[in-house]
Each structure stands twice: as structure tokens, then as C-alpha cells.
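Enquirer: Take this sequence and fold it.
(chains A and B)
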Amino acid sequence: MEIFFERTSQDGRARAGVLHTAHGDVETPVFMPVGTQATVKALDSRDLAESGAEIILANTYHLHLRPDEDVIARAGGIHKFMNWNRALLTDSGGFQVFSLAQKKHTGDRHPTLRVVSQSQVLDQPPTLVSIDDDGVTFRSHLDGSTHRFTPEESIMIQKKIGADIIMAFDECTPDDADRARVQDAMDRTHAWAERSLAEHKKNPESIVFGNDGAVRGHRQFLFGIIQGGSYKDLREESARAIATLPFDGIAIGGESIGYNMSATAHILDWLAPLLPENKPRYTMGVGVSPLDLFEVVERGVDMFDCVAPTRMARNGSLYLKSAGVKNKFRLNITNAQFSEDQGAIDPDCRCFTCVNHTRAYLHHLFKAEELLAYRLATIHNIHFLLSLMQEMRQNIKNGKFREFKQSWVDA
RNA sequence: GGGUGGUUCGCAUAGCGGCAAUUGCUCCUGGCUGUAGACCAGGCGGCCUUACGGCCUACGGGGGUUCGAGUCCCUCACCACCCA
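Expert: Numbers count the residues shown, from 1 in each chain, chains lettered A, B, ... in the order given. Predicted structure coming up:
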């Protein structure tokens, strides 16, 4: 029988291991850069590989709406489509269901007016039409057209996209939801987990096409997702339900995860005794601060992703060690104080940006809104976190994880 | 030499008797969840106040009318265009 995940060492609850995928091995614990629309924004596949990325994310919701999964399947699958030959994971679209339903994501903070032509203005926020036990109906944020996702549909789309790891279709719970709502979403997530699994088991391979037009699939691994909000008993119930099913990996979802790190830590502590040791664990949406990565790795998590490093990069917020607690290991390169700073973003960083360019230059590129700013900044932030993960793995292997974490806490 | 228009917070603008005074840009600062995000929010004369708010200085210079002037009148300076 094939082996997907191997633990190679353990230090306390922190684990180091490797994921074996059709597109190469992935050393864990791993941070996965987010490439929603089949691109990690501002980077090409060479930038990504040189930054040390072994696995990236893409999104089912976005790729279904554009360009459409059949386009990607006919192109030979997402790896060929975007020229990325390492591992890739697709999210199921479950988070978008949650995101679409959240009022705060349709509020003033987001532009809803898009100029379509000189005389036509389209006011088209994404809209959640309905959620029922069978699936979700929603309107596209691109053109307002109505679409429907069911667990079966989400899995089928993910097979056509052709990721190495795919996610069960789930319902993410808002942080402020009451218990009945959380329970409801959790029960639905469990039912959808079984249906996602059943659909996947029919054919555990991707459905993408070779140059000859014949299907040329590769093995895909399916993760289930634990929900249950901030309720201990619900989280435990969800963990038992998901852990019992023959998923290849276990994800932990919910709005709190990554957003509220003390809640995330509590949830992980509750789940610790209930998670199977032999399956990879994935906290969805963790990685705003380097310290967040320590928090989850310390609690036995193997995988995590976050839009923060790439988005922060485009917004001029760049990671560095010893920036003090105040700004959480980041500096804002657009600040006036960097206009003539001839040092590297992070003097200890060995990424392309830090080796070749100064803070003053990056400051200028951002002020001038030059496109190179976003690429150089993203290269740095991704490299920074991935290199931190590499050090973390090494320290787990050497049994020095606690000391290593402390060196960052004290920084 | 004559005529017309203009001079408002770094730049550009609004303002037509109640104004610390519009808007855009620049500038300053902050925020970023399984990406509707190369985005969003706040600030932008000075001083004081936790806040409500208060005081001072301000619409080219000077003078005048008025309870009150960036706004009306006179004058000077400068800029632009037109006619000689």
C-alpha cells in the first residue's frame, strides 16, 4: 500500500515528516503559499521554486468561475497549466461559502463598484443565495451569475483541476455564531465529508488530459475538515467524526483558526488526543505572524497556509526578525524612515530581494507603484516564512524546537 | 501704454456675506483569516483637551464697507492671455 505521510521525527508534540505526492515530496511542517487563481500573485513558478516552495494552494471557487475546470483539465491539469511541477492543494470552496455569507466581507472596506464601461457601472458583491443540506447556491462575484456547489460537484471540479491534495466540501462557521448555528454547520460538514469521500473513492485520481486527448490522471489525496467553532464538545465531536473516516489527512477549519491565535491554541489542545498520529494535520489560514507558526507546530500541526505573507507583501508589509513585538516581525517599507536606508530588508535573509536590493530601493518602488515592488516584496515574504519553516524542521529533528521557538519569542 | 482674467493648506481645484474653508493628487500613519484586496482606513495650519470642545493664526500686501469679509469696494504687487 502506498504511503502518503511519514513522520520522521518528533520533539514534544511538534512533528517533522514528509508528504509523498505525485508531484514530489513535501517536508513537513510546511507553510503553503496561497495561489488562489492558479498564481501566487506577483510570482512566476521559478520565483516560487527559488523561494523554497514545495507546495502551494489554489481555489476551487475561483477556478470554477474562471477559467472553468474543464479548460484546466483540457490544458493538462493545473500543474501544466501554470507550469508548476511541485505539489499543489486545492481548497474546496467551502471557505468562500462562509466568506460570502459574512456581512463584514461585503461592507465598506471592500470595493463593490466596478466600472464595466464608460457608461455602465456594475454593483455586484458576491452573494450567498442559500445553504441547504444538499449544497450551496451562490452568485458569482464576477458577473452575478448563479452557481451551485454540492460536495460531489466540488470534488469533481477538484479532480479536473488536478491538485495533489484536495479538500472535502465544508461549511465554515463564523466566530460569533451561536451554538445552534455552529452545530448545524458542523453536522452538515460531517454529512458532506462522507459524500466528498464517497465521490472521491469512485476514482481517487485526477481527471486531466494529456496531449493525445486521453485522460492522464494522478493520485489525489483527500482531507476532511473539522469544524465546531469555539465549543469544546462540538470540536471533539467533529474530530471523532472526521478522524473515523478514511481521509488521507485532517484539516482544522473555522473562522477562529489563524484569526484568533489563543482560540486556535485552545482548539488544538482539545483536539490533540483525538487526532490520528499517522495522518497529516492542517490548520487552515494560519501564518500572519511567524510566532503563529510556532504556536501550531508546537501543537502537532504539519501544514498551514495563509494569504497574509503575499498580501502583506503587496501592501508593503515585509517580514524581518527582531522588529520588536510592537509590529510583530514586520516593517512597513513605505514609511518615510526607509527612503534612504541602504540596508537589506532583513540583513540575515538570503532571498533574491535581500541579497540584491536595499530598503531604499524597495521604498522607492512602492511609492512609485512600480510592478517590481510587488514581486520583490512577495519573494522576500515567502522566502522568509519558508526559510523559517526549514529551520523549524531542522530544530525538531535535533530535539531543539523549544529553544528555537524561545529565540523567536525573545527576539 | 491699454484691456481682460487670475493669486485659497506641497501641487491642482471649490467657494458668490456666517468658514479653519471643498475635492483630487502628493505626503504621513495604521490595518490585513482556507484572497471580491498592487487593497482598505485614518490624518494632513498651530497649541491645549480623555472627550464634548476651546484658543490663536490664516485665503498675495495694505486700507475700507459690514454685527460679521476668502467672498463687496479702493489701492499696490505679481502671473497669464489679448490689443498697441
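Enquirer: Going by C-alpha atoms from here, please, whenever you check contacts or count neighbours.
Expert: Fine.
Enquirer: At which residues are the strands of the stretch 51-200 of chain A located?
Expert: All strands of the stretch 51-200 of chain A, identified by DSSP state E, counting those that start in this stretch, fall at A:55-59, A:87-91, A:113-115, A:121-123, A:127-131, A:136-139, A:146-149, A:165-167.
Enquirer: ranking those by burial, who's on top?
Expert: strand A:165-167 (a mean of 27; mean count of other Cα atoms under 10 Å).
Enquirer: helix or strand right after the top helix by length along chain A?
Expert: In chain A, with assignment by DSSP state H, the single longest helix is helix A:371-397. Sequence-wise, the next helix or strand downstream of helix A:371-397 (DSSP states H and E) is helix A:401-409.
Enquirer: domain parsing for chain A?
Expert: A:5-306, A:317-402 (automatic domain parsing).
Enquirer: A:Glu277 is nearest to which of the strands of the stretch 51-200 of chain A?
Expert: strand A:165-167 (18.7 Å; Cα to Cα).
Enquirer: How far away from the center of its chain is the closest one?
Expert: Centre-to-centre, strand A:165-167 and its host chain are 11 Å apart (Cα atoms, centre = their mean, to the nearest Å).
Enquirer: quick one: A:His190 from A:His20, how far?
Expert: 27 Å (Cα to Cα, to the nearest Å).
Enquirer: for A:Arg13, that is, sorry about that
Expert: 22 Å.
Enquirer: related to what we said a few turns ago, between A:His190 and A:His20, who's got more neighbours?
Expert: A:His190 (24 against 17; other Cα atoms under 10 Å).
Enquirer: does any part of stretch A:63-74 sit near RNA strand B?
Expert: No: judged by Cα under 7 Å from any atom of the strand, stretch A:63-74 and RNA strand B are separated, with a smallest distance of 10.7 Å.
Enquirer: Show me what counts as buried in stretch A:81-88.
Expert: A:Trp84, A:Asn85, A:Arg86, A:Ala87, A:Leu88 (16 or more other Cα atoms under 10 Å).
Enquirer: Now flag whichever of the residues you listed is closest to RNA strand B.
Expert: A:Leu88 (12.1 Å; Cα to the nearest atom of the strand).
Enquirer: Quick one: residues contacting the closest one.
Expert: By Cα atoms under 8 Å, 6 or more residues apart in numbering, the residues touching A:Leu88 are A:Ile55, A:Ile56, A:Leu57, A:Ala58, A:His79, A:Ala163, A:Asp164, A:Ile165.
Enquirer: Those residues: which two are farthest apart?
Expert: Spatial extent of these (Cα to Cα) is set by the pair A:His79 and A:Ile165 at 12.5 Å.
Enquirer: So what pairs up with the residue in chain A that RNA strand B sits nearest to in the strands?
Expert: Per Cα to the nearest atom of the strand, A:Cys306 is where chain A lies closest to RNA strand B, at 2.2 Å. Using DSSP bridges, the beta-bridge partners of A:Cys306 come out as A:Pro33.
Enquirer: what's the spacing between it and A:Thr36?
Expert: Distance from A:Cys306 to A:Thr36, by Cα to Cα: 11 Å.
Enquirer: If I look at A:Pro111, what pLDDT would I see?
Expert: A:Pro111 is assigned 33 on the pLDDT scale.
Enquirer: ditto for A:Lys326
Expert: 62.
Enquirer: Please apply the same query to A:Pro151.
Expert: Reported pLDDT for A:Pro151: 97.
Enquirer: Likewise for A:Ala411?
Expert: 81.
Enquirer: Just give me the neighbour total for A:Thr244.
Expert: Counted with other Cα under 10 Å, A:Thr244 comes out at 12.
Enquirer: was I right about A:Ile226 contacting A:Ala239?
Expert: Yes: if you go by Cα atoms under 8 Å, A:Ile226 and A:Ala239 touch, sitting 5.8 Å apart.
Enquirer: before we move on, the earlier item: save the buried residues of stretch A:81-88 as JSON lines, and put in distance to A:Asp233 and pLDDT too.
Expert: JSON lines is the format used below for these (distance: Cα to Cα, whole Å; pLDDT from 0 to 100):
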{"residue": "A:Trp84", "distance to A:Asp233": "41", "pLDDT": "98"}
{"residue": "A:Asn85", "distance to A:Asp233": "41", "pLDDT": "97"}
{"residue": "A:Arg86", "distance to A:Asp233": "38", "pLDDT": "98"}
{"residue": "A:Ala87", "distance to A:Asp233": "35", "pLDDT": "98"}
{"residue": "A:Leu88", "distance to A:Asp233": "33", "pLDDT": "98"}
